[in-house]
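K.L.:
no sequence on this one, just coordinates:
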């Protein structure tokens with residue numbers, strides 16, 4: 001390992017700047033000269049594995065975050081963008097993209113952001129040209145879609161972990177003694193004793209179409225009888241987040257400099273939900289239970305009396321310095337294949353548009369609800385992930401109301417699979433991001449042609465896929 005050398009100057013420079021250190025200060029702490037530090041940052045000298053290990057130990061960072069592999073998601077995004085017909089016939093190899101990201105990651109991020117903005121403007125222009133689309137509806141769609149995408153990027157940039165909020169939630173859980181007391185009783189008492197707010201379980205028709213409603217005038221938090229116990233506790237913890245830590249949440253949002261009021265509001269809701277999950281599953285206790293039981297999601301839901309979705313989502317947030325868990329990705333998909341929720345502490349690449357690949361078992365699990373299905377998936381670039389999928393029924397409904405079933409997908413890079421209770425000898429299943437971006441030929445599950453390929457037709461043959469394309 002001591003012979004391995006890496007050209008990671010821009011990453012090192014970004015890390016140094018994030019800590020507010022000068023080149024001289026960091027060089028002194030690493031035991032190298034300032035001039036050598038300068039050469040490393042300019043990619044004129046490689047960083048040896050020995051210095052890299054010293055860097056990781058000194059600043060408590062994951063080496064993987066500094067390795068070239070950490071830019072795989074950005075490389076994949078650039079490769080996807082360049083497949084767009086708008087960029088003509090440029091042939092940029094994966095090696096060139098990796099070099100570009102390695103030398104100038106900020107430029108790569110700027111290009112990705114610029115392309116995303118161009119896509120939004122293109123959609124906006126096409127909708128304005130649609131005589132069936134009113135200006136008000138178009139503007140509303142633009143605001144909501146933009147807010148969702150901006151908040152997703154904000155959460156992703158934090159690796160789905162917010163340290164101050166997480167620690168505040170953990171402190172509250174300790175104050176309430178949630179490891180020994182019934183969470184519902186303790187949270188309800190806190191809400192009343194500290195804020196004078198009573199929790200009421202009300203008939204479904206009292207707050208029609210809602211599962212919870214805070215009534216500040218009467219100092220009541222109304223929870224629908226349709227909410228399961230895990231959902232009731234979560235809503236109480238959510239309310240405590242806004243009452244006791246709104247300033248902390250708002251300060252986190254202010255630092256993010258989100259582009260719209262709608263994005264701020266969505267971020268506030270997301271961070272309050274984050275706090276609620278962190279109260280019910282306090283970081284230290286939850287991480288230990290997860291590691292001791294090899295990330296058995298079903299067991300953890302019973303240990304902490306939370307829902308499967310709440311537990312799986314919480315597993316993606318275990319990225320505290322010095323106490324990291326497996327960097328999971330999380331996705332929620334409905335029966336039509338729409339992705340309604342996605343988070344990642346790792347580098348799994350989600351498409352902004354379209355659903356997930358039909359070969360991923362997150363779709364097949366609807367056939368066996370309540371059963372956890374493991375699978376090894378392989379992306380077109382050869383990267384492999386271990387994933388589990390489980391279809392869960394949301395119980396918030398009465399007779400005559402359509403029960404909602406969703407699939408929860410949880411996964412990680414294949415190198416972490418041995419830490420999971422679900423691992424086994426599984427042959428990898430080749431999948432793509434989605435049909436529009438996948439170039440795998442002869443796929444019987446393909447629903448759309450790749451956007452950057454020219455279709456070919458032959459009346460004399462019938463292929464396995466109805467789409468036949470060059471290359």
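P.N.:
Received, thanks. Note that the structure is a prediction, hence the values are computed from the model and not measured.
K.L.:
Can I take it that residue 214 is in a helix?
P.N.:
No: counting by DSSP: H, G, I helix; E, B strand; the rest coil, residue 214 falls outside a helix, being strand.
K.L.:
Quick check: it touching residue 221?
P.N.:
Yes: with contact defined as CB atoms under 8 Å, residue 214 and residue 221 form a contacting pair (5.3 Å). To be clear about C-beta, it is placed using only N, CA and C from the backbone, and glycine gets the same treatment.
K.L.:
And the strands in the stretch 201-350 of the chain, which stretches?
P.N.:
Counting by DSSP state E, counting those that start in this stretch, the stretch 201-350 of the chain has strands at residues 212-215, 220-224, 319-320, 323-324, 329-334, 339-344.
K.L.:
and what of the stretch 1-150 of the chain?
P.N.:
Counting by DSSP E, counting those that start in this stretch, the strands of the stretch 1-150 of the chain are 5-6, 47-48.
K.L.:
What's the local residue count around residue 428?
P.N.:
Using other CB atoms under 10 Å, residue 428 has 15 other residues around it.
K.L.:
tell me the contacts of it?
P.N.:
Listed by CB atoms under 8 Å, 6 or more residues apart in numbering, the contact set of residue 428 reads 376-378, 384.
K.L.:
Apply 6 Å and report the result again.
P.N.:
With contacts defined as CB atoms under 6 Å, 6 or more residues apart in numbering, the neighbours of residue 428 are 376, 378, 384.
K.L.:
Could you do residue 186 as well?
P.N.:
Taking CB under 6 Å, 6+ apart, one finds 176, 178 in contact with residue 186.
K.L.:
Mind listing residues that contact stretch 386-396?
P.N.:
211, 226, 228, 308, 361-362, 365-366, 369, 372-377, 403-405, 407-412, 414, 417, 422.
K.L.:
which of those residues are buried?
P.N.:
Neighbour counting with 16 or more other CB atoms under 10 Å marks 211, 226, 308, 361-362, 365-366, 372-377, 407-412, 414, 417, 422 as buried within the contacts of stretch 386-396.
K.L.:
how about low-confidence regions in the stretch 1-150 of the chain?
P.N.:
Applying pLDDT under 70 to the stretch 1-150 of the chain flags residues 1-5, 63-73, 85-86, 88-89, 103, 117, 119-145.
K.L.:
show me where it has helices.
P.N.:
Per DSSP state H, counting those that start in this stretch, the stretch 1-150 of the chain carries helices over the ranges 9-18, 23-30, 34-41, 49-59, 63-66, 72-82, 94-103, 105-128, 135-157.
K.L.:
returning to what we had before: look at residue 214 and residue 221 and report which has more neighbours.
P.N.:
Taking neighbours as other CB under 10 Å, residue 214 and residue 221 compare with residue 221 leading, 23 against 15.
K.L.:
In space, what's closest to residue 13 - neighbours in sequence excluded?
P.N.:
In space, not counting the residues next to it along the chain, residue 13 is nearest to residue 41; the distance is 4.4 Å by CB to CB, 6 or more residues apart in numbering.
K.L.:
I meant to write residue 177 there.
P.N.:
residue 186 (6.6 Å).
K.L.:
okay, the angle between the host helix or strand of the one you found and strand 220-224?
P.N.:
Assigned by DSSP states H and E, residue 186 belongs to helix 183-195. Comparing the axes of helix 183-195 and strand 220-224 via axes from the mean of the first three to the mean of the last three CA atoms, to 10 degrees yields an angle of 160 degrees.
K.L.:
For helix 183-195, could you pull out the residues that count as buried?
P.N.:
183, 186-188, 190-191.
K.L.:
Lowest pLDDT pick from the residues you listed?
P.N.:
Among these, residue 183 carries the lowest pLDDT, at 93.
K.L.:
Return the residues in contact with that one.
P.N.:
By CB under 6 Å, 6+ apart, the contact set of residue 183 is residue 233.
K.L.:
again, only this time at 10 Å
P.N.:
Contacts for residue 183 (CB atoms under 10 Å, 6 or more residues apart in numbering) come out as 173, 176-177, 229-230, 232-234, 236-237, 279-280, 304-306.
K.L.:
From those, list the buried ones, please.
P.N.:
173, 176, 230, 232-234, 236-237, 279-280, 304-306.
K.L.:
Specify which member of those residues is nearest to residue 94.
P.N.:
Nearest to residue 94 among the buried ones among the contacts of residue 183: residue 306, at 40.8 Å, using CB to CB.
K.L.:
what's the distance between that closest one and residue 445?
P.N.:
Separation of residue 306 from residue 445 (CB to CB, to the nearest Å): 34 Å.
K.L.:
Assign a three-state SS to residue 425, would you?
P.N.:
coil.
K.L.:
Against residue 417, how distant is it?
P.N.:
Counting by CB to CB, the gap from residue 425 to residue 417 is 11 Å.
K.L.:
Kindly point out which residues are neighbours of both of the two.
P.N.:
Joint contacts of residue 425 and residue 417 (CB under 10 Å, 6+ apart) are residue 376.
K.L.:
quick one on the thing from earlier: filter the buried ones among the contacts of stretch 386-396 down to the ones in strands?
P.N.:
The strands, defined by DSSP state E, take in 373-377, 407-412 from those.
K.L.:
From the residues you listed, pick the one nearest residue 316.
P.N.:
Closest to residue 316, out of all of these and judged by CB to CB, is residue 410, at 7.9 Å.
K.L.:
hang on, the closest one packs against residue 300?
P.N.:
No: the criterion here is CB atoms under 10 Å, and residue 410 misses it with residue 300 at 11.4 Å.
K.L.:
hey, what's in contact with both of these two?
P.N.:
With CB under 10 Å, 6+ apart as the test, residue 410 and residue 300 both reach 308, 311-312, 315.
K.L.:
In CSV, list those residues along with distance to residue 247 and pLDDT.
P.N.:
Conversion of these to CSV gives the following (distance: CB to CB, whole Å; pLDDT from 0 to 100):
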residue, distance to residue 247, pLDDT
308, 33, 96
311, 29, 98
312, 30, 97
315, 28, 97
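K.L.:
chain center to the helix holding residue 186: distance?
P.N.:
Here helix 183-195 shows a centroid-to-chain-centroid distance of 31 Å under the convention CA atoms, centre = their mean, to the nearest Å.
K.L.:
circling back: which residues do residue 214 and residue 221 both contact?
P.N.:
Joint contacts of residue 214 and residue 221 (CB under 10 Å, 6+ apart) are 197, 235, 238-239.
K.L.:
Any of these buried? List them.
P.N.:
For the shared contacts of residue 214 and residue 221, a neighbour count by 16+ other CB under 10 Å gives the buried set as 197, 235, 238-239.
K.L.:
how about CSV for those residues, with distance to residue 246 and pLDDT added?
P.N.:
CSV is the format used below for those (distance: CB to CB, whole Å; pLDDT from 0 to 100):
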residue, distance to residue 246, pLDDT
197, 15, 97
235, 16, 97
238, 12, 98
239, 11, 97
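K.L.:
now, which of those residues lie within helices?
P.N.:
235, 238-239 (DSSP state H).
K.L.:
Can you tell me how far the one residue sitting closest to the centre of the chain is from residue 241?
P.N.:
Residue closest to the average C-alpha location in the chain (CA atoms, centre = their mean): residue 343, at 1.4 Å. For residue 343, the distance to residue 241 equals 18 Å [CB to CB].
K.L.:
swap in residue 455?
P.N.:
Residue 455 is 51 Å from residue 241, by CB to CB.
K.L.:
When these two are compared, which one has more neighbours?
P.N.:
Using other CB under 10 Å, the more surrounded residue of residue 455 and residue 241 is residue 241, with 26 against 10.
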